[in-house]
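Enquirer: Provided below for reference: sequence and predicted model.
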Amino acid sequence: MSLISTPRNTIQAAAPQTDARLTEVQQPAAESPLVMQDVIKQFAPSTTALDSVSFSVEESSFTVLLGLSGSGKSTLLRLVNGLHMPTSGTVKVLGQDISATRGRKLRALRRDIGMVFQQFHLVGSMTALENVCSGALGALNGPRVGLFTYPKKLREAALEQLERVGLADQRFQRADTLSGGQQQRVAVARALVQRPKILLADEPVASLDPESSHQIMTLINQIAKEDRLTVLCTLHQVNLAMEWGDRILGLRQGELVLDESTDTLSTEEAMGIYQSVSGRPVV
Ligand SMILES: Nc1ncnc2c1ncn2[C@@H]1O[C@H](COP(=O)(O)OP(=O)(O)OP(=O)(O)O)[C@@H](O)[C@H]1O
């Protein structure tokens, strides 16, 4: 069965072999902390990473982004924190148009956005606590070398975040001596130290075993609820997406083909995102 051809601004069924559905894209809500409207991102004329993507997310919601490798998930996250600019269309983050935000304003906006990555991106030779402090570097003037070059208040805030992720006892341990799950906990604490409003997580459990993956997803979810964070998280594990996401967005070759609440979406339909364009399951 071939893909359903749809006009722009309709959502294409994720799974041609499952219960195909077409859903009107919801009109972006003005007060939403994150709105994308008709966003196209091209890296070259032949590389359209995102193609007319429109959606908005509710404040304090947990949205999971699914899609095959190369479907545009990381590009979408990078558009949210201003690491990429859209080729056309609008990206509004916390009420600000990212394309019109520069310099100090963009740096301030980025402080409201925490990021967690698949590979943790910690400095291995630094302690857990110093890594967490480094999450606030954007708000400090100039580089810092050594824990005690960070303001006391920040060190206290960093320790508080390490306590929340259960690693206060390991605060003086080098990051490269921690397990993968512990390193990701430190990375979560680092993302939180500036008290962001939005948390972007790019495949946060892709490098972890199933048990650690579950622990990290539980932790992110719990903290997101406590801090009323708006979370946008890319995942490849449909079971985790269905368990933790309020809503699933599915990308296929840069197009948003699925946008549905996990209350009404079935796991089979979500799995459909991982079918190849030919309609065959990807192995
Ligand atoms: N900086 C860049 N320059 C050129 N092309 C890029 C760049 N970043 C991404 N792309 C291209 O854009 C498309 C989407 O890439 P992206 O990394 O967003 O996909 P993804 O869904 O995050 O993949 P994965 O799951 O493997 O991380 C791909 O074709 C990729 O090659």
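Expert: Yep, that arrived.

Enquirer: so where is the chain shaky, pLDDT-wise?
Expert: For the chain, the stretches flagged by pLDDT under 70 are 1-30, 141-142, 276-283.

Enquirer: do a quick rundown of the helices in it.
Expert: 73-80, 103-111, 128-133, 152-164, 180-192, 210-227, 238-244, 267-271 (DSSP state H).

Enquirer: can I get those helices in a markdown table with distance to the ligand and mean neighbour count?
Expert: Quick note: C-beta positions are derived from backbone N, CA and C, even for glycine. What follows is these, written out as a markdown table (distance: least, C-beta to the nearest ligand atom, whole Å; neighbours: other C-beta atoms under 10 Å):
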| stretch | distance to the ligand | mean neighbour count |
| --- | --- | --- |
| helix 73-80 | 3 | 22 |
| helix 103-111 | 18 | 14 |
| helix 128-133 | 23 | 28 |
| helix 152-164 | 27 | 17 |
| helix 180-192 | 17 | 25 |
| helix 210-227 | 16 | 17 |
| helix 238-244 | 13 | 19 |
| helix 267-271 | 16 | 18 |
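
Enquirer: mind listing what the nearest residue to residue 181 once chain neighbours are set aside touches?
Expert: Leaving aside its sequence neighbours, residue 181 sits nearest to residue 212 (C-beta to C-beta, 6 or more residues apart in numbering; 3.4 Å). Residues near residue 212 by C-beta atoms under 8 Å, 6 or more residues apart in numbering: 179, 180, 181, 184, 205.

Enquirer: isn't the third one up against residue 208?
Expert: Okay, so that is residue 181. Yes. Counting by C-beta atoms under 8 Å, residue 181 does reach residue 208; the two are 5.8 Å apart.

Enquirer: now for the two: what residues contact both?
Expert: residue 216.

Enquirer: what about residue 140, how many residues nearby?
Expert: Neighbours of residue 140 under the rule other C-beta atoms under 10 Å: 14.

Enquirer: measure it to residue 194 for me?
Expert: Counting by C-beta to C-beta, to the nearest Å, the gap from residue 140 to residue 194 is 11 Å.

Enquirer: and stretch 38-57, is it in reach of the ligand?
Expert: Yes. Counting by C-beta under 6 Å from any ligand atom, the ligand is contacted by stretch 38-57 at 43, 47, 49.

Enquirer: ok now that stretch, how far from the chain's centre?
Expert: 17 Å (C-alpha atoms, centre = their mean, to the nearest Å).

Enquirer: which residues in the stretch 1-150 of the chain form strands?
Expert: Here the stretch 1-150 of the chain has its strands, by DSSP state E, counting those that start in this stretch, at 10-11, 23-24, 34-44, 47-57, 62-67, 88-93, 96-97, 113-117.

Enquirer: which secondary structure elements does the fifth one sit against?
Expert: Packing partners of strand 62-67 (3 or more C-beta pairs under 8 Å, 6 or more residues apart in numbering; DSSP states H and E): helix 73-80, strand 230-234, helix 238-244, strand 247-252.

Enquirer: same question for the third one.
Expert: Contacts defined by 3+ C-beta pairs under 8 Å, 6+ apart place strand 34-44 against strand 47-57, helix 73-80, strand 88-93.

Enquirer: mind listing what's buried along it?
Expert: Neighbour-count burial for strand 34-44 flags 34, 35, 36, 37, 39, 41 (criterion: 16 or more other C-beta atoms under 10 Å).

Enquirer: and the contacts of it?
Expert: By C-beta under 8 Å, 6+ apart, strand 34-44 touches 28-29, 48-57, 72, 75-76, 79-80, 84, 86-94, 198, 230, 232, 254.

Enquirer: ditto for the fifth one
Expert: Residues lying outside strand 62-67 but in contact with it, judged by C-beta under 8 Å, 6+ apart, are 57, 73, 76-77, 221, 224, 231-236, 238, 240-241, 244-252, 258, 270, 273-274.
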